[in-house]
Structures are given as C-alpha cells and as structure tokens.
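*Asks:* just coords:
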C-alpha cells in the first residue's frame, strides 16, 4: 500500500487547480488535505467515504468537501480485476482557504460564499437541477484560462451557495481526529475491509495489520469514525448487498452470502436496521421504480 499523499499541490502561481481524471479506477487511498475540493464523477461506481459517512456512488455524484475532511471514492472490486476493461472519469477542483483572500471574503458581497465554505466542513452533496447546471460548467472550467477561469469557479460556487439542493453529508459536530501521520494507517484499514469484507474478519486481524492490540484498535477506530469497527464492517457489507439486490438474477440468500453475512437471519436483521426495510422489500422497490 503506497502512502497517502497530498493530491492538490497547487502551484504558487495559480489560485486553484482543476483536473480531469481518466483511469481504470479512482485513487483507493483514504486521505485528507488542507484544500477545499469539488469532485464530480462522470464515469464509475463504488463506495464513497466522507468523514464518518459511507454510501454508494455512481455517475453524476457531485461532492464539495472542506479542508481536512477525510474522504475516499473506492471503486467496486471489478474495477481492480486483472482483466477489467472498466474505466473511471471525473473532474476535480482544488482551491485553498485563502482562495480570494481573507480580507475580501469578510466583505458584505461575499457573505453567501462565506456561508457555503463554512458548510463544506461537513461535506456537501449536490443533486437535482443544481447538479445538472454545474456539470457543463465544470467541463468548461477545464478549458478556461486566466480571469475567465476564476469567474467560472465563482459561478459554480454561487450556484451551490444559493441552491436548496445541497445537503450535508456528515453529522453536525463531526471533527476529524486523525493526524497527518495516521493517513497510511487508516488507509490500510479501509483497503483491507474493502478487499476482504465478503469473508469473516476478526477484530484482532485488522488490529495486527496496524500493530495494535484489539482493545486499542477498537478505541482508536471509534474515536476516528464515531462508530465501532463492527458497525463500519456491517455498513460496508450492506452497501454491497444493495448493489447486488439491483440484479434480478440473485435471490436474497445469495446476496446475503456474497455480502459476507454468516446467516440469512443476521443479514435480514442488520439490513432492516440500516435501511428501514427488508432486503426483499428493497429489491421489489428498486425493480418497481425502474419497470
């Protein structure tokens, strides 16, 4: 596992950076950095981790994160298969906290922008018509130069600041308790779980991976993620189950087994606790919506 690194690396002569990402998969390293980040998925599917939140992502996923908010867009396993021909495509924008200068940001004219930047500490998901509006603007941002490029980014931020289709991702009060030196440690945990969740995983197995005792790891993980490791593992498995339930050729028992649950009854119980409906009801609801 390579160490997490700061991706933005905004050159001193630039106010911000916009990049087009085209690769077999998105970077699978859990990380955080001091810049604001706006990321749109144009192609690719998987599981998205932001702070203590985890959920599925797919094309058109658009997220705005504030400084030092941990995140990871982990593609599904088939993207990492040896013979995979799948590709991902995304556009990412990084800009620093002093993007327009603190003195200017405190002026009355920038009140809306200041409000948006404050909310970004929880991570923001942009959907609906606002998402549709921003998509082509991000594409143009890749081609724009100079002041036109700066105005292009400000237009995107203004759309988000005035939109009612922007929702916080993590719980109010979430604080990133991770240290810069711990990036590699947590990245190992995420990678291990995503690679092995379909089989039984023992707590001491993961603790040994980062040279901790089981009890120390339990306290460490909860302090960083605001949830127990067993709850996190269950969420990963249920997320995978939701993906499998979209396939008509798999029954509930097969989904349970493929998602790493040891018994069907345990799967049904945990799925209902998390999704507020049974796996069968979830499957029927999905099929009905796309009939």
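*Replies:* Nice, I can see it. All of these numbers come straight from a predicted model, not from anything done at the bench.
*Asks:* just the helices in the stretch 151-291 of the chain please.
*Replies:* 183-196, 203-209, 214-225, 229-245, 252-258, 264-275, 279-289 (DSSP state H, counting those that start in this stretch).
*Asks:* Kindly reformat these as a markdown table containing distance to residue 177.
*Replies:* Yep, even glycine has a C-beta here, placed from its N, CA and C like the rest. Shown next, in a markdown table, are the helices of the stretch 151-291 of the chain (distance: least, C-beta to C-beta, whole Å):
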| stretch | distance to residue 177 |
| --- | --- |
| helix 183-196 | 11 |
| helix 203-209 | 18 |
| helix 214-225 | 5 |
| helix 229-245 | 15 |
| helix 252-258 | 34 |
| helix 264-275 | 24 |
| helix 279-289 | 33 |
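*Asks:* Of all those, which one is nearest residue 70?
*Replies:* For those, the distance to residue 70 is smallest for helix 183-196, at 7.5 Å, taking C-beta to C-beta.
*Asks:* hang on, the earlier thing: could you single out the most deeply buried of the helices of the stretch 151-291 of the chain?
*Replies:* Ranked by mean neighbour count, the helices of the stretch 151-291 of the chain are led by helix 229-245 with a mean of 20 (mean count of other C-beta atoms under 10 Å).
*Asks:* contacts for that helix?
*Replies:* Helix 229-245 is contacted by residues 47, 54-56, 76, 193-194, 197-198, 201, 203, 206, 217-218, 221-222, 225, 227, 250, 254-256, 258-261, 267, 270-271, 274-275, 279, 282-283, 286 when judged by C-beta atoms under 8 Å, 6 or more residues apart in numbering.
*Asks:* Try it again at 6 Å.
*Replies:* Helix 229-245 has contacts (C-beta atoms under 6 Å, 6 or more residues apart in numbering) with 47, 54, 56, 193, 197, 221, 250, 255, 258-260, 270-271, 274, 282-283.
*Asks:* Just give the closest residue to residue 119, not the sequence neighbours.
*Replies:* Spatial nearest neighbour of residue 119, chain neighbours left out: residue 168 (6.6 Å); criterion: C-beta to C-beta, 6 or more residues apart in numbering.
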